[in-house]
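Peer 1: Predicted model and sequence below, questions to follow.
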Amino acid sequence: ARECLDREEVTVQSALGAVRVKVARRNGDVLNASPEFEDCARIARERNVPVKEVQALAIKAFLS
């Protein structure tokens, strides 16, 4: 049987701008955090940087 995780969306302020991050939790413990791709792609276009760099900065901001 599959288990559904608790999910929420939070906004973090990365070094390049605000990014929404989807967070999955079980019993309050974070199991996964994924930056919203559209936010990262928009910032990457605006700042002329790779999407991967924006994603990495968003995760760094989430973890700090």
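Peer 2: Arrived safely.
Peer 1: can you give me the strands in the chain?
Peer 2: When assigned using DSSP state E, the strands of the chain occupy the ranges 6-14, 17-26, 29-35.
Peer 1: okay, those, which one's buried deepest?
Peer 2: For these, ranked by mean neighbour count under the definition mean count of other CB atoms under 10 Å, the leader is strand 17-26 at a mean of 16. Every residue, glycine included, has its C-beta placed from N, CA and C.
Peer 1: quick one on the thing from earlier: Ala61: which of the strands of the chain is closest?
Peer 2: Comparison of the strands of the chain against Ala61 by CB to CB identifies strand 6-14 as nearest, at 4.1 Å.
Peer 1: Name the surrounding residues that touch the closest one.
Peer 2: Applying CB atoms under 8 Å, 6 or more residues apart in numbering, the contact partners of strand 6-14 are 18-26, 36, 43, 54, 57-58, 60-62.
Peer 1: Can you tell me how far the spatially most central residue of the chain is from Asp6?
Peer 2: Geometric centre of the chain, nearest residue: Pro35, 2.2 Å, by CA atoms, centre = their mean. Summarising the geometry, the distance separating Pro35 from Asp6, computed by CB to CB, to the nearest Å, is 19 Å.
Peer 1: ok so, going back, kindly state which of the strands of the chain is positioned closest to Asn48.
Peer 2: Nearest to Asn48 among those is strand 17-26; the distance by CB to CB comes to 13.2 Å.
Peer 1: Who are the packing partners of that closest one?
Peer 2: On a contact count with 3 or more CB pairs under 8 Å, 6 or more residues apart in numbering; DSSP states H and E, strand 17-26 meets strand 6-14, strand 29-35, helix 37-47, helix 51-63.
Peer 1: Include mean pLDDT when you put these into CSV, please.
Peer 2: Conversion of the helices and strands packed on strand 17-26 to CSV gives the following (pLDDT from 0 to 100):
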stretch, mean pLDDT
strand 6-14, 95
strand 29-35, 94
helix 37-47, 97
helix 51-63, 96
